[in-house]
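Novice: what's the 3D shape of this:
(2 chains)
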There are 2 protein chains.
Amino acid sequence: MPKKNAFYAQSGGVTAVINASAAGVIETAREHRSQIGKVYAGRNGIIGALREDLIDTSKESKAAIRQLVSTPSGAFGSCRHKLQSLEQNPAEYQRLIEVFKAHNIGYFFYNGGGDSADTCLKVSQLSQAMGYPLQAIHIPKTIDNDLPLTDNCPGFGSVAKYIAISTREAALDVASMCETSTKVFILEVMGRHAGWIAAAAGLAGEREGDAPHIILFPEIAFDQKKFLAKVKRCVKKHGYCVIVASEGAHYKDGTLLAGSSQTDAFGHHQLGGLAPTLATMVKTELGFKYHWAVADYLQRSARHIASTTDVEQAYAVGAAAVKFALQGKNAIMATIIRGKGKRYSWSIGEASLEKVANREKMMPRNFITRDGFAITEQAREYLQPLIRGEAYPDYSKGLPKYVRLKNVAVPRKLKAGFDI
Amino acid sequence: MPKKNAFYAQSGGVTAVINASAAGVIETAREHRSQIGKVYAGRNGIIGALREDLIDTSKESKAAIRQLVSTPSGAFGSCRHKLQSLEQNPAEYQRLIEVFKAHNIGYFFYNGGGDSADTCLKVSQLSQAMGYPLQAIHIPKTIDNDLPLTDNCPGFGSVAKYIAISTREAALDVASMCETSTKVFILEVMGRHAGWIAAAAGLAGEREGDAPHIILFPEIAFDQKKFLAKVKRCVKKHGYCVIVASEGAHYKDGTLLAGSSQTDAFGHHQLGGLAPTLATMVKTELGFKYHWAVADYLQRSARHIASTTDVEQAYAVGAAAVKFALQGKNAIMATIIRGKGKRYSWSIGEASLEKVANREKMMPRNFITRDGFAITEQAREYLQPLIRGEAYPDYSKGLPKYVRLKNVAVPRKLKAGFDI
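Specialist: Modelled structure (predicted):
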């Protein structure tokens, strides 16, 4: 039986450590050359497979693959292409199988969040129905930390660390200027449905009165009156107020705070943005001088201050996926299991994709204080180990050395013409 | 003759390394105990002197002062209080002298930007006129890098490094997603009058086609047509476009891009913000999907990735100020002199405050490319050494250990009642 090749693709929003998972896959596959052929990566994710646009990772040097461990974002490109359901668009799935067949691919490693887990499962099921069985293994990745059945998600720990550090630093700035200048500082962070990232900001504070003074979670409906009263009390007591807000913060009726309905002179929808909306509210109602920051992509690409725990786990789930495949496993996701001891430890486990797909893990209510504006001790205990360690990249001339792969295309074997 | 005490104050916007200058002052003064008494710091800057609210730095341990080197923001507090002219408000200056006299202060170390240099000069002049001579030495500090007569300003190098790194990282993110998602990314950075910080983003790119693709400087009038044409070309050629914009970017008539004149339903001025304004423009005119980030205080407090050059220079100007004072010098600013060799070197010099006050150093035109959207080789050569080295702080539990001083007040000697 000829050795099967492997397909690897990055899916959805990239992270500071998704390339570490890629390194885990590729290095582990290279260690098992007798069982696995080449690792082909999808250029721009799954659409690379649909377009038969594959990257031959065997053309990359050992050193280049190693450098992936310390390079943020998607080295092969990622995409937001969500495969439709099998019923709606069977052609897409059939095309995938056709491409995999043409390139003798027997292993499908999909590195993404919840939607990709679902795709991964369907690919596995369809491949069997079509008589070209593939072993489909999902490698978890999401800064949103919302995948079920894994203690945490690779990508999250580094964003969490970046946001906690940035909050601590900006808070020191505001504290030192508040006597005559800015009194309220707002940092907008990612997290549409779950408040994990905003929660991580809570780690910045250690003592009573430390920033952040207010965290706005998507899990808690925004109450303007309560919020403004808290800001006012906080400025009175501490001289300043630091607010960290999830982009998903919303009113009780579900309207996003960021979803301003205002239009400009030309009738164009105005991009209010959450942070400026909160700032206007604070200025208008309380009169305080404010500043605001929007971390946006900076937070999820900040490999310069990635968490060691996160980098190690990202690598491990990639490596584990290959080992699972070699053990003949299929339709599973590699997971991170937290040890039971008092000292933080973790190991790799597995979960059936049937149980992973289409489930979001929200913050438990007991991770948020009763007033809805802060995190509890339980949240701290959960979050703290995930941001541990500074996995610094190498530098050259004051800037991090991030690898650029050659990304050599695999010669096509099929006729062109599949449009996606 | 009894030993004179020293007064030290931080002024204006704080930086990631202003506390390193404070450490330079305090440690050097402690090394010369036979000549200098105590170092008193103004609580919240110069208003601490006006209020006779002084901090006794001798109460801080050696270790705490050392930790200032790696702690961002103003450890004693800073302020935006600008002293009026002598003619307008002589009482303020007289009060300063009175407080200094009461506490036997003979050295005035003022750590700030252009306005503070002016104040420092006036304090020196008035003290002589009032028969209580003070040696006033200015310690340069400004992220804006706009002080004259010094090759660069402490505080700038670390912001420059942070912005260059963040641009490189976010650009990798956009590049890996642009096939199906965000095509234009905008990062708004500080710099109202001079484009030094935006220029530093240019260091992120190394090869033709690398991000940032467009830099908007306050030195170059914004031309919407030219800008949009460049964005369009860039997306066509590279698949994406990364823009770094100075908050001071403005139209030919001086109107700030950020200065939206729109008002909301209640007639309140809407905080457009530069980044969302540019994003709307790009979306409306070109239809591209965008993301934007506003670094705000994150950039000037990012001690976690401070430049070693910057930290060392910040310390050195603080230490030099004390040595200058001990040499009997007065009304000068410590400066940084760049060595002439090909390999970067620097030393400390001095400049007369008469020549420093009220002059802003803008970016030379030959630092900006002819089309106005990028930096030249000259700019690179100037900027590059300033971001060199990673002066990492110590960490505990995944977060940087930043010192909190005790900030013990010096007992008052004057009657209360001076309101500022």
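Novice: quick one: residue A:242 and residue A:170 touch, right?
Specialist: Yes. Using C-beta atoms under 8 Å, residue A:242 makes contact with residue A:170 at a distance of 7.1 Å. C-beta here means a position set from N, CA and C on the backbone, and glycine is covered the same way.
Novice: what about residue A:175, distance to chain B?
Specialist: To chain B, residue A:175 is 7 Å away according to C-beta to the nearest C-beta, to the nearest Å.
Novice: circling back: can you check which residues contact both of residue A:242 and residue A:170?
Specialist: Jointly contacting residue A:242 and residue A:170 under the rule C-beta atoms under 8 Å, 6 or more residues apart in numbering or on different chains are A:185, A:187.
Novice: Look up the closest residue to residue A:353, ignoring the ones flanking it.
Specialist: residue A:121 (4.0 Å; C-beta to C-beta, 6 or more residues apart in numbering or on different chains).
Novice: And the one helix or strand that neighbour maps to, what's buried?
Specialist: Using DSSP states H and E, residue A:121 sits in helix A:114-129. Within helix A:114-129, the residues that qualify as buried are A:114-127, counting by 16 or more other C-beta atoms under 10 Å in any protein chain shown.
Novice: and those residues, which two are the farthest apart?
Specialist: A:114 and A:127 (20.8 Å; C-beta to C-beta).
Novice: now the helices for chain A?
Specialist: A:18-31, A:46-50, A:62-67, A:90-102, A:114-129, A:156-177, A:196-201, A:224-238, A:274-286, A:297-301, A:308-326, A:353-356, A:377-383 (DSSP state H).
Novice: Format those helices as JSON lines; extra columns: mean pLDDT.
Specialist: Formatted as JSON lines, the helices of chain A follow (pLDDT from 0 to 100):
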{"stretch": "helix A:18-31", "mean pLDDT": "98"}
{"stretch": "helix A:46-50", "mean pLDDT": "96"}
{"stretch": "helix A:62-67", "mean pLDDT": "98"}
{"stretch": "helix A:90-102", "mean pLDDT": "92"}
{"stretch": "helix A:114-129", "mean pLDDT": "91"}
{"stretch": "helix A:156-177", "mean pLDDT": "98"}
{"stretch": "helix A:196-201", "mean pLDDT": "98"}
{"stretch": "helix A:224-238", "mean pLDDT": "98"}
{"stretch": "helix A:274-286", "mean pLDDT": "94"}
{"stretch": "helix A:297-301", "mean pLDDT": "98"}
{"stretch": "helix A:308-326", "mean pLDDT": "98"}
{"stretch": "helix A:353-356", "mean pLDDT": "94"}
{"stretch": "helix A:377-383", "mean pLDDT": "98"}
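Novice: if you compare those, which one is most tucked away?
Specialist: Ranked by mean neighbour count under mean count of other C-beta atoms under 10 Å in any protein chain shown, the helices of chain A are led by helix A:196-201, which reaches a mean of 30.
Novice: Distance check, residue A:4 against residue A:330.
Specialist: Counting by C-beta to C-beta, to the nearest Å, the gap from residue A:4 to residue A:330 is 13 Å.
Novice: This completes my enquiry, with thanks.
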